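Chemist: my questions concern the predicted model and sequence given below.
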Amino acid sequence: MQTIQHWTNGAYTSPADSRLQDVTNPATGKVSGQVAMADAALVNEAAAAARAAFPAWRDTSLARRTQILFAYRELLNARKGELASIITAEHGKVLSDALGEVSRGLEVVEFACGMPYLLKGGYTENASTKVDIHSVRQPLGPVAVISPFNFPAMVPMWFFAVAIAAGNTVVLKPSEKDPSAANWMAELWKGAGLPDGVFNVVDGDKEAVDTLLDHQVIKAVSFVGSTPIARYVYERGTAAGKRVQALGGAKNHMIVLPDADLDLAADAAVNAGFGSAGERCMAISALVAVGDTGDELVAKIAERTRTLRVGDGLRGTDMGPLVTRAHRDKVAGYIDAGEAAGATVVVDGRHVEADAEGGGFFLGPTLFDHVTPEMSIYRDEIFGPVLSVVRTDTYDEALALV
């Protein structure tokens, strides 16, 4: 069984007395490895490495930084299938979803390759009497990325590609549920020629997060996760004087009007509701059917939903497992609550037959009809394959819900 360690200064490291947490393959339910959880001392070590590497990296020419970015882009593009397989094995999303995630991250790396133009400053002559204005863009220093489990490659790439290209150094704290993608990307940076200490990975939980938020060396933090934790990260990070970008959850609505193409709408609802098993903040979880569209639209969605193959993401299925047993049980609890509250269960995913070996964390796509706004399945971000249909008489009523 492998132990997933931290990546600091171009090498793996882990204190001998690290707390170990199991990493599970969600398609089989079996433990695939253990991740060494960083304590404050190890986070301090990573921050020190980022601080030590910053002056030289800041002073590295834009031409050289861009060469490394291009090299990283080429390596990532050539080996994206390898990274996608790692994501599928630890997160559970189907391989096509994982490849799509890597491709979206790759787009940001390509964007960052244009950094010599993106970093251009400005000059305004005679902005006021005998006053000219110059603007210069400079790196902040060591910055941190705290990323979620649902996009272990794409979300970190949103941030670190631009931060590194701009001359900053980075400490990434990935989710402990699927940490291997982060270390894989760290090794790829080394292969692209990135100097040691510019990109560092520490695995951990609240202790690691709090240490990063409080650390005086860390100048800025980017976060993606649930809304309560996003608020916590923002408040604690800004209290420590940092720039903080904190992205939280969502409850996304799709309104279907009486003149809609219902086949197209049903296709969109299935893809947006059940893609990546609903474990994404941009999932559609509330569909508002306006006027007399409800019966026909629900029937079309149900017909498509029942054809989805659920199983191991490496077997060409349409939807994989949820990330952990606890999360699967939490989402199933919402389905129980929706049924108890009086919503109509049109498609029930609680007893799905999955194409997989072993006891994975599977839950089939679930469709509710006649959902009302006071129900928990409507109010809460479920973060699972649950689509709730609410009916309204008019567009104004639907818009008021949103």
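Modeler: That came through, no problem. What you are looking at is a predicted structure, and each value in this text was computed from that prediction instead of being measured.
Chemist: need the contact partners of stretch 268-282.
Modeler: Residues from elsewhere that reach stretch 268-282 (C-beta atoms under 8 Å, 6 or more residues apart in numbering): 92-93, 97, 149-151, 224, 247-250, 252, 254, 256, 283-285, 287, 297, 301, 304-305, 308, 318-323, 331, 363, 365, 381-387. C-beta coordinates here come from the backbone N, C-alpha and C atoms, glycine included.
Chemist: now for that stretch, what's the gap between its first and last residues?
Modeler: 13 Å (C-alpha to C-alpha, to the nearest Å).
Chemist: how about the secondary structure of the residue nearest to the spatial centre of the chain?
Modeler: In the chain, the C-alpha closest to the average C-alpha coordinate belongs to residue 151, at a distance of 3.3 Å (C-alpha atoms, centre = their mean). Recorded secondary structure, residue 151: coil (DSSP: H, G, I helix; E, B strand; the rest coil).
Chemist: stretch 271-278: end-to-end distance?
Modeler: Terminal residues of stretch 271-278 lie 9 Å apart, using C-alpha to C-alpha.
Chemist: where do the strands sit along the stretch 301-402 of the chain?
Modeler: 344-347, 366-369, 386-392 (DSSP state E, counting those that start in this stretch).
Chemist: put the alpha carbons of the last one into PDB.
Modeler: Coordinates of the C-alpha atoms in strand 386-392 are reproduced here as PDB (Å, rounded to 0.1, in the frame of the first residue of the first chain):
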ATOM      1  CA  VAL A 386     -30.400  14.400  -7.600                       C
ATOM      2  CA  LEU A 387     -32.600  16.500  -9.900                       C
ATOM      3  CA  SER A 388     -35.700  18.200  -8.500                       C
ATOM      4  CA  VAL A 389     -38.500  19.400 -10.700                       C
ATOM      5  CA  VAL A 390     -40.600  22.400  -9.400                       C
ATOM      6  CA  ARG A 391     -43.700  23.500 -11.200                       C
ATOM      7  CA  THR A 392     -44.900  27.000 -11.600                       C
END
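Chemist: returning to that earlier point: out of the strands of the stretch 301-402 of the chain, the one nearest residue 175 is which?
Modeler: Set against residue 175 and scored by C-beta to C-beta, those come closest in strand 386-392, at 21.5 Å.
Chemist: need the residues that contact the closest one.
Modeler: Residues external to strand 386-392 that are found in contact with it (C-beta under 8 Å, 6+ apart): 269, 273-274, 278, 284-290, 294, 297-298, 301, 331, 334-335, 338, 343, 349, 365-373, 375, 377-378, 398, 401.
Chemist: just the buried residues of these.
Modeler: Among the contacts of strand 386-392, those classed as buried by 16 or more other C-beta atoms under 10 Å are 269, 273-274, 278, 284-290, 294, 297-298, 301, 331, 334-335, 338, 343, 349, 365-369, 371, 375, 377-378, 398.
Chemist: just the pLDDT at the closest residue to residue 62 other than its chain neighbours, thanks.
Modeler: What sits nearest to residue 62 in space, not counting adjacent residues and going by C-beta to C-beta, 6 or more residues apart in numbering, is residue 116, at 4.5 Å. On pLDDT, residue 116 comes in at 92.
Chemist: how many residues are close by residue 116?
Modeler: 13 (other C-beta atoms under 10 Å).
Chemist: identify the residues contacting it.
Modeler: By C-beta under 8 Å, 6+ apart, residue 116 lies in contact with 62-63, 66.
Chemist: and the helix or strand containing it, C-alpha only, in PDB?
Modeler: Applying DSSP states H and E as the criterion places residue 116 in helix 115-118. Provided in PDB are the C-alpha atoms of helix 115-118 (Å, rounded to 0.1, in the frame of the first residue of the first chain):
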ATOM      1  CA  MET A 115       1.900  36.000 -19.600                       C
ATOM      2  CA  PRO A 116       4.400  38.400 -21.300                       C
ATOM      3  CA  TYR A 117       1.400  40.200 -22.700                       C
ATOM      4  CA  LEU A 118      -0.900  39.800 -19.800                       C
END
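Chemist: the helices in this protein, which residues?
Modeler: With DSSP state H, the ranges of helices along the chain come out as 40-58, 62-78, 80-91, 95-112, 115-118, 154-165, 180-192, 206-214, 227-239, 262-274, 294-305, 325-340, 376-379, 395-401.
Chemist: out of those, which comes closest to residue 357?
Modeler: Shortest distance between residue 357 and those, using C-beta to C-beta, is found for helix 80-91: 13.3 Å.
Chemist: for the closest one, which positions count as buried?
Modeler: Buried residues in helix 80-91, defined by neighbour count with 16+ other C-beta under 10 Å: 80, 83-84, 86-91.
Chemist: out of those residues, which is nearest to residue 358?
Modeler: residue 89 (13.3 Å).
Chemist: mind pulling up the pLDDT for the nearest residue to the closest one once chain neighbours are set aside?
Modeler: Using C-beta to C-beta, 6+ apart and skipping the chain neighbours, the partner closest in space to residue 89 is residue 25 (5.7 Å). Residue 25 is assigned 95 on the pLDDT scale.
Chemist: how close does residue 25 sit to residue 320?
Modeler: Residue 25 sits 11 Å away from residue 320, going by C-beta to C-beta, to the nearest Å.
Chemist: ok, the closest residue in space to residue 262 that isn't next to it in sequence - contacts?
Modeler: Computed as C-beta to C-beta, 6+ apart, the closest residue to residue 262 that is not its neighbour in sequence is residue 297, at 5.3 Å. Residue 297 makes contact with 256, 262, 265-266, 269, 287, 289, 389 under the criterion C-beta under 8 Å, 6+ apart.
Chemist: farthest-apart pair in those, please.
Modeler: The span of those, defined through C-beta to C-beta, is set by 262 and 389 at 12.7 Å.
Chemist: neighbour count winner among those two?
Modeler: Neighbours per residue, other C-beta under 10 Å: of residue 262 and residue 389, the larger number sits with residue 389, 24 against 17.
Chemist: and that one, bridged to which residues?
Modeler: Beta-bridge pairing of residue 389 under DSSP bridges involves residue 287.
Chemist: for the least confident helix or strand in the chain by mean pLDDT, buried residues please.
Modeler: Lowest by mean pLDDT, DSSP states H and E among the helices and strands of the chain is strand 2-4, with a mean of 87. Within strand 2-4, the residues that count as buried by 16+ other C-beta under 10 Å are residue 4.
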